[in-house]
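pasted the sequence and its predicted model underneath.
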Amino acid sequence: MTTPPDDSNLPPVDSDILPQTTDDDATMARLAAALFMASRNFRVFLAKPNGRAPLFNNWQSLATTDEAQIRQWWSDHPDANIGIATGGGIVVIDLDEKNGKRGIEMLCSRLGIERWELESETFVVRTPSNGLHLYYLSPEPYANAVNLLNGVDVRSDGGLVIGPGSTIDGKPYKIVSDAPLTSIRDDLIPILGKPRIRVAQREPAAGWDIPAAIDQAIGYLRKREPAIEGQGGNAHSYVTAVELKDLGISQDKCLELLFAPIHDDGRSWNETCIPEWDSNELAVTVANAYHYGKDAPGSKNAHHITLLNDADDPATGIPDDLPDTAPSGMSAPARATLAQRFSPMSEAEQDAIPDPVWLINSVIQVHTINFFVGPSQSYKTFLVMDLCLSAASGLAWCDSGKGEAHSMRYRAKRPLTTVYIPGEGAAGVAKLRRIAWRKKRGIDESIPFYVTREMPRFADADHIQALADSIDAAGIKPDILVIDTLARAMAGLDENSAKDTGVIFEHLDYLKRRFGCAVIVIHHSGKTPGKGARGSSNIDASADAVFESEGDKQTRTATIWNKKQKDAEAWREPLYFRGDPVSIGRATEPGMMNQSLVFYRITAQAAPAALQNLDRLQEVEAALLACAGAGCIGTNTLAEAIVNTRLLNEPEKEAKVRANTEMWHKLVENEARTLRRQTRHTEKGKQVPGGLLSRFLMSEPDAKDLIWTLPPENSDK
């Protein structure tokens with residue numbers, strides 16, 4: 001063991017930390033830099049010489065600001081680089097400039113600032129590839145993520161960066177701004193997404209990392225297949241970490257075991273993976289597993305379950321005489337976790353529930369299930385894709401370019417992350433429509449819009465669980481999930497069955513709850529325009545919002561009505577859209593599509609007559625209901641007859657229909673006045689004579705609610 005260098009011989013630390021050092025100075029330079037970073041309250045650990053990976057597997061628990069420990073480390077490992085553990089109130093924005101990435105330019109452009117401003121407002125380090133590490137203070141942790149913009153990554157809880165004083169291939173990490181750390185910029189927060197909510201996980205009943213649990217975990221890892229890139233490697237590693245958590249292994253110990261030499265040939269589980277995980281990437285995957293894993297820590301450890309069932313557990317409220325399993329076969333810990341969702345709330349807890357808010361102004365609310373329905377060729381997929389791509393880019397939905405005030409109504413409040421689940425193959429979404437949209441909108445940087453390779457079977461709970469696990473494993477925190485289409489998702493189920501659609505909504509609710517996101521489902525409409533979704537009435541009834549579209553293929557135009565909106569007022573008028581063809585270049589194969597439509601909003605006057613007529617039908621129905629009240633069955637029937645027969649599509653009959661409608665209104669009003677004069681206190685449900693009226697309900701003398709019924713089927717009236 002060598003003697004630690006004397007402080008008097010340490011090189012000075014300044015804003016350009018030892019850009020040139022001799023071999024003799026190198027050890028002291030690294031020690032000086034490590035001590036300097038620790039003095040600024042950065043947690044330091046040993047990283048591999050000339051590398052970016054930690055020297056020890058349990059680096060997260062070892063990272064320290066202790067001067068004596070740091071001196072000892074660099075005495076034992078003089079060539080080690082300096083690792084900095086992020087999180088604990090520190091967030092680092094990593095701006096990458098290698099391999100064609102342009103992180104600095106992308107971020108400056110998004111924030112509307114110059115590079116010198118970025119390099120001077122907080123503590124900043126230049127990387128060997130001429131990128132930047134921007135250190136900020138943040139009371140909230142953010143998800144570790146890559147390519148939020150092209151070359152813009154974030155490191156927070158469970159992450160790491162390499163600190164100044166380190167070198168890669170002889171090129172140093174250098175401090176370019178020694179300014180005190182500042183709080184994270186307000187305009188950076190929308191780029192980073194929602195802060196990760198800290199999940200308070202109780203300690204397993206038997207405690208973390210008991211010897212029996214460690215032995216069980218090592219046995220599991222010895223038998224566990226390796227993660228293979230391109231074959232679900234992310235999800236496989238995520239599930240591996242979840243299993244260790246469920247055995248009662250702590251997060252730090254989990255990372256240590258994944259890198260530990262557990263095999264007879266001395267290899268670790270990670271070394272069997274193809275390729276091996278980078279330590280930072282695997283740390284992110286493990287952090288996600290411990291953050292999002294649904295079961296209680298230690299729930300699969302036999303000793304843990306024995307303790308739970310042997311005594312009352314104040315953390316779960318499970319009494320000691322409760323059987324191990326409910327009649328359904330659910331374990332006691334799982335049942336206790338489920339019970340928390342159904343616990344009654346006091347008034348104070350009710351007051352604390354967040355108010356309903358828009359995720360996308362006037363369109364999508366947070367934590368809702370939204371249906372976009374329409375017949376084939378009504379362009380509903382195009383419009384939903386534009387909605388999500390625009391939200392990811394900070395643009396307004398199908399923006400017509402008429403200015404900020406015009407477009408704010410349909411704009412997300414911050415960039416939103418979407419996971420799009422196509423049922424007809426990913427190529428049309430990912431390779432055609434997405435590329436055409438980016439070209440038309442002039443979007444160059446990477447945006448948080450993800451597409452799954454396949455559609456899971458929503459009839460199969462294992463498929464839904466696998467979908468959720470794969471999203472977690474990728475470190476994605478979606479704001480919106482899109483299911484395109486319901487018919488594809490319901491393979492093996494009957495969309496006309498209330499029972500089967502109930503299964504679908506149960507799984508949609510699970511995804512919404514697990515990710516705290518909104519869900520959009522694209523579905524076909526029924527045969528009658530304006531009458532909602534095809535299939536069971538349970539679909540329209542259970543959805544939080546329903547949008548219905550119609551399209552005109554000849555003019556490439558579409559209209560959308562908001563038919564239902566929970567906790568908000570539905571639109572008073574429809575929106576109109578027109579699509580422009582956008583070429584994406586030469587077709588890859590003869591006869592294949594090489595262009596797609598990109599839509600923008602237009603005025604009602606610019607829409608074709610066919611779509612305007614459809615919307616007038618909607619207006620007639622709304623006017624009739626407004627006249628006689630929502631409880632008037634006769635009014636509904638008249639409106640439905642007009643819609644079904646499409647009378648307003650025939651100009652010569654339009655005047656007659658409107659005249660007859662006015663006559664109907666007068667009839668309703670006159671008979672209501674007459675009836676009010678004749679009857680002041682009618683019992684509920686009593687038959688009342690009077691023309692077309694069959695019943696009149698009155699709770700107050702001036703009540704106006706009229707309820708109509710059609711004549712009997714055998715009547716000739």
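Okay, I see it.

test my guess that Arg222 contacts His263.
Yes - with contact defined as Cβ atoms under 8 Å, Arg222 counts as touching His263 (6.6 Å). Heads up, the C-betas are built off the backbone N, CA and C, glycines and all.

packing partners of the helix or strand where Ala289 lies?
Element membership for Ala289, per DSSP states H and E: helix 279-292. If contacts are counted by 3 or more Cβ pairs under 8 Å, 6 or more residues apart in numbering; DSSP states H and E, helix 279-292 sits against strand 160-162, helix 233-246, helix 251-258, helix 461-473.

what's the closest of these to Glu550?
helix 461-473 (31.5 Å; Cβ to Cβ).

buried stuff in the closest one?
Counting neighbours by 16 or more other Cβ atoms under 10 Å, one finds that the buried residues in helix 461-473 are 463-465, 467-473.

distance to Trp116 and pLDDT for the residues you listed - can I get that in a markdown table?
Below are the buried residues of helix 461-473 laid out as a markdown table (distance: Cβ to Cβ, whole Å; pLDDT from 0 to 100):
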| residue | distance to Trp116 | pLDDT |
| --- | --- | --- |
| His463 | 52 | 88 |
| Ile464 | 50 | 89 |
| Gln465 | 49 | 86 |
| Leu467 | 45 | 91 |
| Ala468 | 44 | 89 |
| Asp469 | 44 | 87 |
| Ser470 | 42 | 89 |
| Ile471 | 39 | 90 |
| Asp472 | 39 | 84 |
| Ala473 | 39 | 83 |
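
with respect to Asp94, which of the residues you listed is nearest?
Ranked by distance to Asp94 (Cβ to Cβ), the buried residues of helix 461-473 are led by Ala473 at 21.0 Å.

from Met37, how far off is the closest residue to that closest one other than its chain neighbours?
Leaving aside its chain neighbours, Ala473 sits nearest to Tyr238 (3.2 Å; criterion: Cβ to Cβ, 6 or more residues apart in numbering). Counting by Cβ to Cβ, to the nearest Å, the gap from Tyr238 to Met37 is 31 Å.

swap in Lys512?
In terms of Cβ to Cβ, Lys512 sits 42 Å off from Met37.

ditto for Ala227
Here Ala227 is placed at a distance of 33 Å from Met37 (Cβ to Cβ).

can you check Ala568 too?
50 Å.

swap in Asn288?
Applying Cβ to Cβ, the value for Asn288 to Met37 is 27 Å.

coming back round to it: which parts of the helix holding Ala289 are buried?
Result for helix 279-292 [16+ other Cβ under 10 Å]: buried residues 279-280, 282-292.

could you list the domains of the protein?
Here the domain assignment for the chain is 7-192, 211-341, 358-607, 616-708, based on automatic domain parsing.

need the ones you listed in a markdown table (columns: distance to Ala348).
Below are these laid out as a markdown table (distance: least, Cβ to Cβ, whole Å):
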| stretch | distance to Ala348 |
| --- | --- |
| domain 7-192 | 24 |
| domain 211-341 | 17 |
| domain 358-607 | 21 |
| domain 616-708 | 35 |
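
the ones you listed: which one's closest to Asp351?
domain 358-607 (16.5 Å).

report the buried residues of stretch 34-51.
In stretch 34-51, counting by 16+ other Cβ under 10 Å, buried: 34-38, 42-48.

start and end of it, how far apart?
Chord length of stretch 34-51, first to last residue, is 16 Å (Cα to Cα, to the nearest Å).

and it, average pLDDT?
Mean per-residue pLDDT for stretch 34-51: 90.

with stretch 155-172 instead?
In this model, stretch 155-172 has a mean pLDDT of 90.

what of stretch 247-258?
Mean pLDDT, computed over stretch 247-258, is 88.

that one: which residues count as buried?
247-258.

what does stretch 563-576 give?
563-565, 568, 574-576.

among those residues, which two are most distant?
Farthest pair in the buried residues of stretch 563-576, by Cβ to Cβ: Ala568 and Tyr576, 21.2 Å.

any chance of CSV for the buried residues of stretch 34-51, columns secondary structure and distance to Gly151?
Below are the buried residues of stretch 34-51 laid out as CSV (DSSP: H, G, I helix; E, B strand; the rest coil; distance: Cβ to Cβ, whole Å):
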residue, secondary structure, distance to Gly151
Ala34, helix, 28
Leu35, helix, 31
Phe36, helix, 28
Met37, helix, 24
Ala38, helix, 29
Phe42, coil, 23
Arg43, strand, 26
Val44, strand, 26
Phe45, strand, 26
Leu46, strand, 28
Ala47, strand, 22
Lys48, coil, 24
